[in-house]
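Student: Next comes the sequence, and after it the predicted model I'd like to discuss.
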Amino acid sequence: MNRRQFLSRFGHSLLLTQFSPISPITANSSPKILKPSRLKIGDTVGLVTPASPIKKSHIKFIQLQLAQQGLKIKVAPHALDEYGYLAGVDRDRAADINAFFADGSVQALISTGGGWGSSRILPFLDYDLIRRNPKIILGYSDITALLVAIYSRSGLTTFHGLLGTSVWNEFSVAYLRRLLFNAEAITFQNPAEVRVETITPGQARGRLVGGNLSVIGGLVGSGFLPDWNQAILFVEDVGEDIYRVDRMLNHLRLAGILEQLGGFIFGQCTRCLDEEDDSPTLSLWQVLNDHIRPLGIPAWYGSMIGHIRNQFTVPLGVEVEIDANLGIIKMLESAVI
């Protein structure tokens, strides 16, 4: 199975030209950080499909998962559209997101699934509208493009966590509720049985940003990435050969991003080594040592962020302290109000 097939299947699994106005905020600026309101029992969550298409049966599954959290759903008009491997045309997918940010009856947005396509709609989002109507937006994988762009252009804290079609198990839901319902400033630390590997020891403080490595790499040079100065970057990926991870990290290094960071976290790289391929390869650990250790910043591998069953929900844009010796991310403020 190739990476695109895996991402599409994972994102949808039950197991588991005229642009909208662009904000005057330019790339690598530092907008005032906005925090959305916390979720409450009875709130309505808007379901959007910014990337690959989903099936109608998935909506029922998502409705059940959110109902168990005391939430109602409102399905975007184009959530079930199909346009090849995309969930409808770019303008329509973007229009759904703009409409839900403007809709006073919707308190949060969640992406139904991942796959590919979120980056294509970035020029059509109304970042001024989003800034005026700050709301929770949640997802991961390809949704990284939305999370990073909205944070960068509007200053809104966004959330890397469950998709609607993800596995809503006890572990993952507990972190989502603590972060988005209870407004806790969480200290994220793996359970004892899930080891972390320190790349470079030490502690650091900065704003937490990141998401899927390949998606972030694809945005380099686009104007939709944030200010990296002393940021704490977290990344994850799935279905990538090690040489591709090497290439993507090298791309960030050549673009001057890695050298600006205050800290680095590689979550999980799921299915990133083809054990049936006997071609010569480096290990992921060697690649991380080659690119990250020379930076001299606190860094580690193995945080529970990524394409895994038990995952943290983490905020983009909040101030955190990290401890690379212990693999800890400590929020210094709540992410919602």
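Tutor: Thanks, I have the structure now.

Student: what's near enough to touch the closest residue to residue 332 other than its chain neighbours?
Tutor: Nearest non-adjacent residue to residue 332, counting by CB to CB, 6 or more residues apart in numbering: residue 319, 4.5 Å away. C-beta coordinates here come from the backbone N, C-alpha and C atoms, glycine included. Applying CB atoms under 8 Å, 6 or more residues apart in numbering to residue 319 gives the contacts 205, 206, 207, 208, 331, 332, 333.

Student: partner strands of the helix or strand encompassing the fourth one, parallel or antiparallel?
Tutor: If you go by DSSP states H and E, residue 208 is part of strand 203-212. Next to strand 203-212 in the sheet, as set by DSSP bridges, lie strand 232-238 (parallel), strand 319-323 (antiparallel).

Student: Need the residues that contact it.
Tutor: 140-144, 147-148, 151, 160, 216, 226, 228, 230-237, 261-263, 265, 297-298, 314-325, 329, 332.

Student: on that earlier part again, out of the strands paired with strand 203-212, nearest to residue 59?
Tutor: With CB to CB as the criterion, residue 59 lies closest to strand 232-238 of the strands paired with strand 203-212, at 24.1 Å.

Student: That closest one: what's the following helix or strand?
Tutor: Per DSSP H and E, the helix or strand that comes after strand 232-238 is helix 242-254.

Student: Going by neighbour count, which residues of that following helix are buried?
Tutor: Buried positions in helix 242-254, judged by neighbour count with 16 or more other CB atoms under 10 Å: 242, 244, 245, 246, 248, 249, 251, 252, 253.

Student: Closest one of these to residue 281?
Tutor: Among these, and counting by CB to CB, the member closest to residue 281 is residue 242, at 5.3 Å.

Student: residues contacting the closest one?
Tutor: Neighbours of residue 242 in contact, by CB under 8 Å, 6+ apart: 272, 273, 281, 282, 283, 284, 287.

Student: how about a cut-off of 6 Å?
Tutor: The neighbourhood of residue 242, defined by CB atoms under 6 Å, 6 or more residues apart in numbering, consists of 281, 282, 284.

Student: repeat for residue 307
Tutor: 238, 270.

Student: same thing but 8 Å
Tutor: Applying CB under 8 Å, 6+ apart, the residues contacting residue 307 are 10, 141, 236, 237, 238, 268, 270, 271.
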